[in-house]
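Novice: take this sequence and fold it.
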Amino acid sequence: MIDLKKYDDFKSVLKHYETIDFDKYLKSVSDEDIHKSLNKEKLNEFDFLNLLSDKATRYLEEMAIISQKHYLRYFGRVIQLYLPIYISNYCSSDCAYCGFSKKNKITRKHLNQKEIESEAKEIAKTGIKHILLLTGESKKMADLEYLKMAVKTLEKYFSSVSIEIYPLNTNDYKTLQNIGVDGLTVYQEVYDRDVYKQVHTSGEKTDYDYRLEAPERGAKAGIRSINIGVLFGLADISKEAFFSGLNAKYLMDKYINSEISLSLPRINHAEGGYKPKYNLSNKQFLQIMLAYRLYIPSIGINISTREKADFRDHLIGLGVTKFSAGSKTDVGGYEGIDTSTPQFDISDNRSVEEIVKVIKEKGYQPVFKDWETI
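Specialist: Predicted structure coming up:
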């Protein structure tokens, strides 16, 4: 087991694994290797890799039992609910898979303070107190002053405000943290550098390293909750799952005052029609989610409305800690007046009330609020 805390940054951790032949290792994993990994109290990175192998799909039931024990130990029978709010879809980057990509001829929209407040009032009617603010990757349209205005507006209605925007420097993250931002989501999208270059063809998002280091800059700025992940479908599934899990472990070991969580977004249909080169099956999705929980027992796991309703329902109790509910991925989508092109299609269109009912029927407690910045 490597000591992740001794590395200065996660880029150095990635370099440590450059020489590993992942395909060869995963094919060599034996039933005995998996049994040993499942019976360990504390898993190392190769145990984690064992559980991501094809052979480990035979052991999903055993993995699920252990995962549930870890989940109940660290989180109890609760699932936190949140909603995303898109306030601008202008973008200065070309990303092959994203509906907001600047190359796409879509309906663009940018909310002013009054419009943000109207959306916030509509969302607040659901009772949810955790909000995730999203913009396209355009510093020109969504500069720091605009973001500060949006955060202060949302704080009137929500106890917790998180952001999912373009990467910032540490000082800018600290500025937002000082006015109440307590959560940061940054998806690396893909850890494979060659694929990253292929799908990010222009704009500031072409800077792989600056994006890779963004979650750590957020943690250094004192942001309480850091959420990371990859967009499954862009590159080799098992390898991408491994690096995202390793990245989360690195952050958790190094920044003990930050709450670290992982998301598992899959590519959904979006403007531009990008077709994923790698398809993540539901079975493999479950395997990765369980492997995350076994490798990092106290990790938060977030499942969005990208996933279909029935599938999300079956994940309750297996390690999920956060659900989005009643989501809209278009700017101005909650009021439904003069809306814009969505970033991607939603797969679970149920209301907050419907999702709350399902969670309760499964014997779990939906949580509208578990944190408030004072």
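Novice: in this structure, which residue is closest to the centre?
Specialist: Note on the chain: the residue nearest the mean C-alpha position is residue 263, at 3.3 Å, using CA atoms, centre = their mean.
Novice: so who does it touch?
Specialist: By CB atoms under 8 Å, 6 or more residues apart in numbering, residue 263 lies in contact with 185, 187, 227-229, 301-304. Where you see a C-beta, it was placed from the backbone N, CA and C, and this is true even at glycine.
Novice: now these as JSON lines including pLDDT and secondary structure?
Specialist: Below are the contacts of residue 263 laid out as JSON lines (pLDDT from 0 to 100; DSSP: H, G, I helix; E, B strand; the rest coil):
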{"residue": "185", "pLDDT": "98", "secondary structure": "strand"}
{"residue": "187", "pLDDT": "97", "secondary structure": "strand"}
{"residue": "227", "pLDDT": "98", "secondary structure": "strand"}
{"residue": "228", "pLDDT": "98", "secondary structure": "strand"}
{"residue": "229", "pLDDT": "96", "secondary structure": "strand"}
{"residue": "301", "pLDDT": "97", "secondary structure": "strand"}
{"residue": "302", "pLDDT": "97", "secondary structure": "strand"}
{"residue": "303", "pLDDT": "95", "secondary structure": "strand"}
{"residue": "304", "pLDDT": "93", "secondary structure": "coil"}
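Novice: select only the buried ones of the residues you listed in PyMOL?
Specialist: With 16 or more other CB atoms under 10 Å as the criterion, this PyMOL line picks the buried residues out of those:
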select buried, resi 185+187+227+228+229+301+302+303+304
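Novice: let me have the contacts of residue 263 in a markdown table, extended by distance to residue 19.
Specialist: Formatted as a markdown table, those follow (distance: CB to CB, whole Å):
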| residue | distance to residue 19 |
| --- | --- |
| 185 | 31 |
| 187 | 26 |
| 227 | 30 |
| 228 | 24 |
| 229 | 25 |
| 301 | 30 |
| 302 | 32 |
| 303 | 34 |
| 304 | 35 |
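Novice: quick one on the thing from earlier: and for the residue nearest to the centre of the chain, nearest residue in space, chain neighbours not counted?
Specialist: Excluding the flanking residues, the one nearest residue 263 by CB to CB, 6 or more residues apart in numbering is residue 229, at 3.7 Å.
Novice: correct me, but that neighbour touches residue 245?
Specialist: No. Counting by CB atoms under 8 Å, residue 229 stays clear of residue 245, with 10.0 Å between them.
Novice: shared neighbours, those two?
Specialist: Joint contacts of residue 229 and residue 245 (CB under 8 Å, 6+ apart) are residue 262.
Novice: okay, and the beta partners of the residue nearest to residue 359 when sequence neighbours are not counted?
Specialist: In space, and not counting its chain neighbours, residue 359 is closest to residue 366: 4.5 Å by CB to CB, 6+ apart. Under DSSP bridges, the beta-bridge partners of residue 366 are residue 79.
Novice: ok, how many other residues are close to residue 366?
Specialist: Residue 366: 19 surrounding residues under other CB atoms under 10 Å.
Novice: what residues does it make contact with?
Specialist: Residues near residue 366 by CB under 8 Å, 6+ apart: 78-81, 323, 355-356, 359-360.
Novice: again, but for residue 116
Specialist: Residues near residue 116 by CB under 8 Å, 6+ apart: 85, 87, 149-150, 153-154.
Novice: put the buried members of those into a ChimeraX selection.
Specialist: To isolate the buried subset of the contacts of residue 116 in ChimeraX, counting by 16+ other CB under 10 Å, use the following:
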select :85,87,150,153,154
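Novice: what's the farthest-apart pair in the contacts of residue 116?
Specialist: Distances among the contacts of residue 116 were taken as CB to CB; the most separated pair is 85 and 149, at 13.7 Å.
Novice: just to revisit the earlier point, show me which of the contacts of residue 366 are buried.
Specialist: Neighbour-count burial (16+ other CB under 10 Å) is assigned, among the contacts of residue 366, to 79-81, 323, 355-356, 359.
Novice: mind listing what's buried along stretch 109-121?
Specialist: Within stretch 109-121, judged by 16+ other CB under 10 Å, the buried ones are 109-111, 115-120.
Novice: for stretch 288-300, same thing?
Specialist: Neighbour-count burial for stretch 288-300, counted by 16+ other CB under 10 Å, picks out 288-297, 299-300.
Novice: cool, and stretch 307-314?
Specialist: In stretch 307-314, the ones that count as buried by 16+ other CB under 10 Å are 307, 312-313.
Novice: swap in stretch 34-43?
Specialist: By neighbour count on 16+ other CB under 10 Å, the buried set for stretch 34-43 is 34, 37-38, 43.
Novice: closest one of the residues you listed to residue 129?
Specialist: The closest of the buried residues of stretch 34-43, once distances to residue 129 are taken by CB to CB, is residue 43, at 34.2 Å.
Novice: pretty sure residue 64 is touching residue 294, no?
Specialist: No. Residue 64 lies out of contact with residue 294 (CB under 8 Å); the separation is 9.9 Å.
Novice: which stretches in the stretch 101-250 of the chain count as strands?
Specialist: 130-135, 160-164, 181-189, 200-202, 225-230 (DSSP state E, counting those that start in this stretch).
Novice: show residues contacting the first one.
Specialist: Yep, that's strand 130-135 we're talking about. Taking CB under 8 Å, 6+ apart as the rule, strand 130-135 contacts 80-90, 120, 123, 141-142, 147, 150-151, 154, 157-166, 183, 185, 324, 343, 368-371.
Novice: just those: which are in helices?
Specialist: If you go by DSSP state H, those have 120, 123, 147, 150-151, 154 in helices.
Novice: what is the neighbour count of residue 6?
Specialist: A total of 10 residues lie near residue 6 under the criterion other CB under 10 Å.
Novice: and it, what does it touch?
Specialist: So residue 6 contacts nothing (CB under 8 Å, 6+ apart).
Novice: good, we can wrap up now.
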